[in-house]
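Asks: Provided below are the primary sequence and the corresponding predicted coordinates.
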Amino acid sequence: MRLALEKRDYRSTRMTVLVPIVSLLISFLLGAVVLAISNVNPLQTYGAMLKGAFGSQTKIQYTIAKTIPLLLCGLAVGIAFRLKFWNIGAEGQYVAGVIGITWVMQFWTFLPNMLLLPVGMLIGVLCGAFWGGIPGALKAQWSVDETLTTLMMNYIIIGYAEYLYINAWKAPRGNMGTVRYPEFAWLPRIWGRVHSGIYFALILVVILWFVLYKTRWGFELNMIGKNRRAAQCQGVSIKRNIILAMLVSGGIAGLAGVIDSAAVTHQLTKGVNSGYGFTGIIIAWMSGLNPFVSIVVALIMAALETGSDALQLMKLPAAMGEVMQGLILIPLLAGSIFTEYKLVTHTSHKEATV
Amino acid sequence: MKKGIVLLLIVLLVSSFAFAQGSKEAASSAKADAPMKVGVIYISPPGDMGYSYMHDQGTIAMEKHFGDKIQVIRMEGIPENESSERVMENLIDEGCKVIFANSYNYQQYMLNVAQRYPNVYFEHCSGYLANDNMSNYFGRMYQMRYLSGMIAAKMSPTGKLGYVGAYNTPEVVRGINAFALGARAINPKATVTVVWTNTWYDPSLERQGAIALLDQGADVIAQHQDTTEPAKAAIERGKYAIGYNADFRGMIGDDRVLVSPMWNWGNYMIPAVQSALDGTWKSQSYWGGLEDEMIHLSPISPLVPADFVKQVEAKQAEIHDGKWDVFWGALKDNTGAVRQNAGQKMSDEAMLTMDWFVEGVIGKVN
């Protein structure tokens, strides 16, 4: 008997529901083994992690605040993934956005106060779009592999950001960061730690859902992703769509950076490459590129991080938080293969006689 | 969409279970005469054997000193972004009355939290921000850097010294300048070449920085980094090293680690917590020196000639007694411009904002 994976003819509804549940259970079981080895009660630990993420108003606020940039990065990556363009560069596009808004906040002081924030946000988004557009254009024009270009462009922009906040734009007194944005140009908080960036994120979810599922462009992107040749035959311009999708993808990642710096950090500083862009890849993947599902996945990812403080409070080593996050993710990601493929057994005559 | 709903349901189910559990715990933890809780936030795990390790030595000294009067909660490897605010609030949720944080870029986040929790005392190591309920504290490490520079120049055959620096902050720049002044007091031709790693804690980058300096011919490597890697790289090439934070000679087990400028954080943390216990806590910007033993030199390697050790000790005594300090007298920067005239003493403010290198340092601050 031989096991093999066979592509499903259609996505099974039963499997779409079952797989994440079973994966999640396996995840928690795997985590439980590690926790048990570390001499703590796994159930109590999971309880503490949940309490850490949702146990009080403040904790819920921090978790939601963390969800906002994660969701935006997930949406950004999801668009590119639709046409099977592997954008690993949301991290860099996020940083480009922060650089853009910081540039405006620092040097466009001739603007009236009211305009500083909107113009800064716009420029930041454009910077993100530009940084995403370059690998898009390279791919469209010369078929340069995007996995490498997007990844490498992260390092360029992160290095440049470092140069800016450590050297060129450094605030006086040797602060590792730029001067903070003027207070009138901050994005306001609306509920404790939760800031108004959440409106941008949620509205964008609706817009993207509409564009991707209800418009011709969304249909074209899907078609390119599913079957490039067929799309070409239908007269869909692949080049144009790749560049366009990457401009939008980079722009949204840039928006994530813009919002986080305008609402939370108020400067370009150490820690700008926070890993949101990379987590966005996981979010896009796990949500099946669906904007609405992304909200839930982003919330889970945020909760995994905010909740892992509880592990240290239980005297577990700091690295255990990351171990748990990884353990919980792997089965979820691996499980998603079963929604697309099914496990079949081949029985050949030879093997049957053994 | 269905997938999402199911996931959401699971989250809700499990969380309701957790809340139920939480309320039981809360009821049992309210006891009279409970120890005061103290939260400690580290930038890296104390296993770095450097910066956070020494802070943890201070925390351990504090735990020993107070016994069951306090209970310490440690949070390690906390990034210097809004996550640190969350961690501080979590510590306050756990009941902490005093919170220490040990790295420069926590300061803005700590100030944000301090303004929201006026009844909690905040202690920030390094930096300059303060509040009615928030102090910053640090030590005059540059004095020890000067002494270690003397030793480095004495033992260096070529006078080419290398220095692996983390960031171009005034603290690091001041340390490099002090080291160079100490070296040139012994060998006026000595030079100090600087490489920046742009990280406090990255064992592999720190090592690469040291190797770059060794390749350029440096025969003593000093460092402002969190781990022993730069020193180890020097030792492996058969060169000398100057440690930092902790006694690297003991850790690496090689006498070619000549000396290590060291911290003694417990000497600040213990009185700070005592004043919180007594209700006499006051906000301050503290910059302690030899007199309260915030800083000191590790035992000096037996490879250093004994009569020279006496010379170093004599200098240390001068600093201790306040008869002399590192940045007193005429100073030129490394472009040759005069920065301070003979007879002048540099102010604390000028030291705390230092952004230029003294003569003999090869490198740029910016």
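Replies: Happy to help now that I have it. Since the model is a prediction, treat every value here as computed from it, not as a measurement.
Asks: so what's the spatially most central residue of chain A closest to, chain neighbours aside?
Replies: Among the residues of chain A, the one closest to the centroid is A:Gly280, at 1.3 Å (CA atoms, centre = their mean). Ranked by CB to CB, 6 or more residues apart in numbering or on different chains and with sequence neighbours excluded, the top spatial neighbour of A:Gly280 is A:Cys73, at 2.9 Å. (Glycine included, C-beta is placed from N, CA and C.)
Asks: what packs against the lengthiest helix in chain A?
Replies: With DSSP state H applied, the helix covering the greatest number of residues in chain A is identified as helix A:113-142. Counting contacts by 3 or more CB pairs under 8 Å, 6 or more residues apart in numbering or on different chains; DSSP states H and E, helix A:113-142 packs against helix A:90-107, helix A:146-163, helix A:238-260.
Asks: out of those helices, nearest to chain B?
Replies: The closest approach between chain B and any of the helices and strands packed on helix A:113-142, judged by CB to the nearest CB, belongs to helix A:146-163 at 5.7 Å.
Asks: any idea how far the residue nearest in space to the middle of chain B is from A:Lys315?
Replies: When chain B is reduced to its mean C-alpha position, the closest residue under CA atoms, centre = their mean turns out to be B:Tyr51, at 5.4 Å. For B:Tyr51, the distance to A:Lys315 equals 22 Å [CB to CB, to the nearest Å].
Asks: surely B:Tyr163 is in a helix?
Replies: No - note on B:Tyr163: no helix contains this position according to DSSP: H, G, I helix; E, B strand; the rest coil, which reports strand.
Asks: wait, doesn't it sit right on B:Val192?
Replies: Yes - under the contact definition of CB atoms under 8 Å, B:Tyr163 touches B:Val192, with a separation of 5.3 Å.
Asks: what do the two both touch?
Replies: Common contacts of B:Tyr163 and B:Val192 (CB atoms under 8 Å, 6 or more residues apart in numbering or on different chains): B:Ile176, B:Phe179, B:Ala222.
Asks: residues near the nearest residue to the first one once chain neighbours are set aside, how many?
Replies: Read that as B:Ile176. Of all residues beyond its chain neighbours, the one nearest B:Ile176 is B:Tyr163 (5.4 Å), with distances taken as CB to CB, 6+ apart. By the measure other CB atoms under 10 Å in any protein chain shown, the count of residues near B:Tyr163 is 32.
Asks: circling back to that earlier point, now do the residue nearest to the centre of chain B against B:Val87, distance only.
Replies: For B:Tyr51, the distance to B:Val87 equals 18 Å [CB to CB].
Asks: tell me the phi and psi of the closest residue in space to A:Asn87 that isn't next to it in sequence?
Replies: Distances taken as CB to CB, 6+ apart place A:Ala80 nearest to A:Asn87, at 3.6 Å, with adjacent residues excluded. Backbone torsions of A:Ala80, given as degrees, to the nearest 10, read phi -70, psi -40.
Asks: measure A:Ala80 to A:Tyr276 for me?
Replies: In this view, A:Ala80 and A:Tyr276 are 16 Å apart by CB to CB.
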